[in-house]
Structures are given as structure tokens and as C-alpha cells.
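Student: Predicted model, plus sequence, below.
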Amino acid sequence: MDLPLHETHPDPRQQAELDRRRFRSGLLLSAGFVIGLWWIKALEMFLDTSFSGLGTYPGELSGLIGVLTAPLIHGSFAHLLGNSFALLVLGTLVFASFPRAGWRALPLIWVAAGLAVWLFGRPSHHIGASGLTHGLMFLILALGITRRDRVAVATGFIAFFLYGGMLLTVLPREPGVSWEYHLAGGLFGFAAGLLWRRLDPLPPRKRYSWEIEEELEAEQRAAEASTWELQAPLEVKPLWSGPGSLRAGQPQDETGRGVLLRFPPRRLESSREPPESPHREP
């Protein structure tokens, strides 16, 4: 199965600090987006107006503006409150566990789901961030199914335990609820999980005691072998060198003693050049 590689196994304290940093960044990002939604709703109440006209209206060119603005508009405080908790939990899970996939999946869910609603939705203003919540939920499920590492599986179980009912809300159930946005967000969220499942590295694999013992034994054997291994000779010298034993042109070492045969320095197998093909003169 084609999966990303494991992260390097850092010091346990460094790993714990990295996990806390990821969780804080995911929580702050999700909380910041939710606070922005509440500010928009407060502005709507302060101006005593309704921003529902900025929703996605299928089939009309003016309704295309909702592709970008519909997830920011909510019909009531109850509607906003329900989506706020889901965005806070699911957004934190995604950006704390799979930040690379999350940053690519969120724009796809936002824009593609809005276009799908504009093309196939009922003639009504579709508003709310429920398309994003369903997209994040199905993104987590897709990553848990395809990656199957401990972080992806644990994240998938948490999301399914808290928001498993979203599997049913992608079908038409209640009047006035945009099930089209739910369905489109879920489909593109699942597709994003399949498409970008390899972006985030797998968590560090646990090292067992027997693996550490084997590595230590291998290092000890290598150290012992290096102490007993004889160094390869570089040259062969005569047993006796006296007056008249040195012939003309015979190589000598630094002490002036004759050398019978020199050995070329040993090279690694990877550095050896292929033998030249024989060349014959015509």
C-alpha cells in the first residue's frame, strides 16, 4: 500500500512539545474562524438586516456570490451555535493531525461544494457552514480508512463518535435544511482525503526493546570485528636487503628499502569504473 514514510523518531519530550504545538495551532485556527462567524452574525443583528441574500441561489448568476459567502451566513443563532461546535471540534482534529491535507482540502470543499449546490440544488438561498462541517467529517473518515495509522484511526473514531449522525444528514430529511450542501461537502471532503492522504507523514513508529537490543548487538559485533581485522598491505618488500640487492629502476620506500610489488589502494564497489571495451585498430 502506497503510504507516506514515518517521521523520524525524536526525543519523547520534543515529540510531546510538537504534539502540543500542533493542537494549539489547530484550536486557534478553528476558534478564530468561529469567532469571525459570530462577528458576522452580530453585525447582521446590529444593522437589523439579513444577509441571507448572500447565500447560494442555484441557477442564477447573482447566486454565484454565495459560493464564497454562503458558509459565512447563518439564519439564526441556533443554526450558528450548532455549526460552531462542529467547526471547533472537527477543525481542531484536522489541522492538529493532518495540517497539510487540511489546508488543501478546505478550499476544495468550500468552492466545489458551493458550485455543486449552485448547479444541482433546489431554487432557494442555501446558507450556513454545515457543508464545511460535513466536508471535514468525511475528510477525517477518508484519512482514517486509507492511512490506518494510530493517529488517523484515533481521529476517525473521535469524529465518528461525536458526529457520526452526519452520515444520515446527507439525505433529505427536514424541510428548510440544505441537504444538498451536506451531500456536496461530504463527497468533496471524502475525495480530498483520498487525493491527499500521503501529504502528512506517518507518526513516529514505536520502537520495541528487542529492536533496540538487536541494534546494540550489531554495533558491538561490528566494533569487535574492526579491532581484529588486519589492515590490507599496500606493498610487498623483500625479506633481505643488503649491498647489491637493489636493482636499477626498482621502486623504493621512504627508508630506501626496495619494493617488489605495490598494491593499488582499495576502492568501494560503487566507485569502480566499468572496464573499457577492447579497441582494435583497423
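Tutor: In hand now; what should we look at?
Student: residues contacting R150?
Tutor: For R150, the contact set (C-beta atoms under 8 Å, 6 or more residues apart in numbering) comprises P203. Backbone N, C-alpha and C define where each C-beta goes, glycine included.
Student: What separation do you get for G66 and H125?
Tutor: Relative to H125, G66 is positioned 7 Å away (C-beta to C-beta, to the nearest Å).
Student: can you give me the helices in this structure?
Tutor: Listed from the start of the chain, the chain has helices (DSSP state H) covering 12-46, 66-69, 77-97, 99-120, 130-147, 150-163, 179-195, 209-228.
Student: looking at the ones you listed, which is closest to E60?
Tutor: Smallest distance to E60 across the helices of the chain (C-beta to C-beta): 8.5 Å, for helix 99-120.
Student: What helices and strands are in contact with the closest one?
Tutor: helix 12-46, helix 66-69, helix 77-97, helix 130-147, helix 179-195 (3 or more C-beta pairs under 8 Å, 6 or more residues apart in numbering; DSSP states H and E).
Student: Give the buried residues for the third one.
Tutor: Looking back up the chat, that one is helix 77-97. Neighbour counts using 16 or more other C-beta atoms under 10 Å place 79-80, 82-84, 86-97 of helix 77-97 among the buried residues.
Student: Pick out whichever of G66 and H125 has more residues nearby.
Tutor: G66 (26 against 20; other C-beta atoms under 10 Å).
Student: tell me the most buried of the helices of the chain?
Tutor: Of these, the one with the most neighbours on average (mean count of other C-beta atoms under 10 Å) is helix 130-147, at a mean of 26.
Student: So what's the gap between that helix and the chain middle?
Tutor: When C-alpha coordinates are averaged (C-alpha atoms, centre = their mean, to the nearest Å), helix 130-147 and its chain have centres 15 Å apart.
Student: which regions of this protein sit below the pLDDT cut-off?
Tutor: The model of the chain has pLDDT under 70 over residues 1-12, 204-214, 224-282.
Student: most centrally placed residue in it?
Tutor: Geometric centre of the chain, nearest residue: D200, 0.6 Å, by C-alpha atoms, centre = their mean.
Student: about what we covered before: now the helices and strands packed on helix 99-120 as JSON lines including distance to T169?
Tutor: JSON lines is the format used below for those (distance: least, C-beta to C-beta, whole Å):
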{"stretch": "helix 12-46", "distance to T169": "19"}
{"stretch": "helix 66-69", "distance to T169": "20"}
{"stretch": "helix 77-97", "distance to T169": "11"}
{"stretch": "helix 130-147", "distance to T169": "7"}
{"stretch": "helix 179-195", "distance to T169": "5"}
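Student: I am finished for the moment; much appreciated.
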